[in-house]
Structures are given as C-alpha cells and as structure tokens.
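Colleague: Got a sequence here, can you build the structure:
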Amino acid sequence: VPAGWLSDRVGRRPVMLTGALSVVALAVPLLNLLQDESTSTVVKGVAVCAAGAVVGLMAGPGPAMLAEMFPTSVRCTGLGLAYALSNAVFSGCAGLIITETIKRTGSVDIPAYYAAATCAVSALALLTLRKPGDEPRS
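Modeller: Below you'll find the predicted structure:
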C-alpha cells in the first residue's frame, strides 16, 4: 500500500525502478546475512522486513502499471498474456533453474543471483516503457 501511494505521487516507473535496482544491489548481501549463523535473530528479522519493503516497491505499483500499459480495447488480453508469460518464464522455471545451478556450481548464493538477474531485466524493461499518454492513438 505505501508503494502504491508513493507511485501515485511520483510515478510508477521511479518507484518500481528503485525496487528493481535495490534487489540487484541487495540480494546477495541480504542472503549472505541470513545464511550467517552468527547473525542475531533480530538482525535477520530486520533484513527480512527490508527485503519485503523492497519487493513491495515493485508489487505495489506493478498491477496499476501493467493495466496502464495497454489500451482499454485490449487490456484484458494484454494483461493476461503478459502475466502468464512472465510467470511461466521467471517464476515457473525458477525452482528448477536454481536447484540445477546450485547442484552444478555448489554455490548457495544462486537464489540471490537469480533474483538480481531477473530484477536487472525488469529494470531494463522499465527504462524502455513509454510514459502514459505517449502511446499512439488507435
């Protein structure tokens, strides 16, 4: 809710871009912090809350941005297709890709690298989006 409210004030792209770039920068350090047995439970709790807030920067304004990307005449089809394809590619295969990569490399940081890579792709996509009102009239 706070990220949605903020995106209404400053725009969806800046809020979501901040979230995506934050995941790119913080995924590995946060995972390492959570994996460190010497880190206190309180610090781990704060880290998990911070990670949730960062993800909220994308999840809050995301649905509104998706709806705004499509003209009303094709909004349902566009949203459904975009949502289904992105989930199939990035979420549906995540467990398989991460598990196999950990098995082959032995690195337990792979989930963080995967999150950072997908958010880097999201950041690039956000930079290419047209602003609302810039789309050609049909």
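
Colleague: Helix or strand: which one has the nearest residue in space to G56 that is not next to it in sequence?
Modeller: Setting aside the residues directly before and after it, G56 is nearest to A3 in space (CB to CB, 6 or more residues apart in numbering), at 4.8 Å. Quick note: C-beta positions are derived from backbone N, CA and C, even for glycine. According to DSSP states H and E, A3 maps onto helix 2-10.

Colleague: before we move on, the earlier item: which ones are touching the residue nearest to G56?
Modeller: A3 makes contact with 15, 19, 56-61, according to CB atoms under 8 Å, 6 or more residues apart in numbering.

Colleague: Quick check: A115 touching A27?
Modeller: Yes - assessed by CB atoms under 8 Å, A115 is found in contact with A27 at 4.6 Å.

Colleague: which SS state does S107 fall under?
Modeller: coil (DSSP: H, G, I helix; E, B strand; the rest coil).

Colleague: if I pick the closest residue to G62 other than its chain neighbours, what's in contact with it?
Modeller: The shortest distance from G62 to any non-neighbouring residue, by CB to CB, 6+ apart, is to M16 (6.6 Å). Each residue near M16 by CB under 8 Å, 6+ apart is listed here: 7, 57-58, 61-62, 65, 122, 126.
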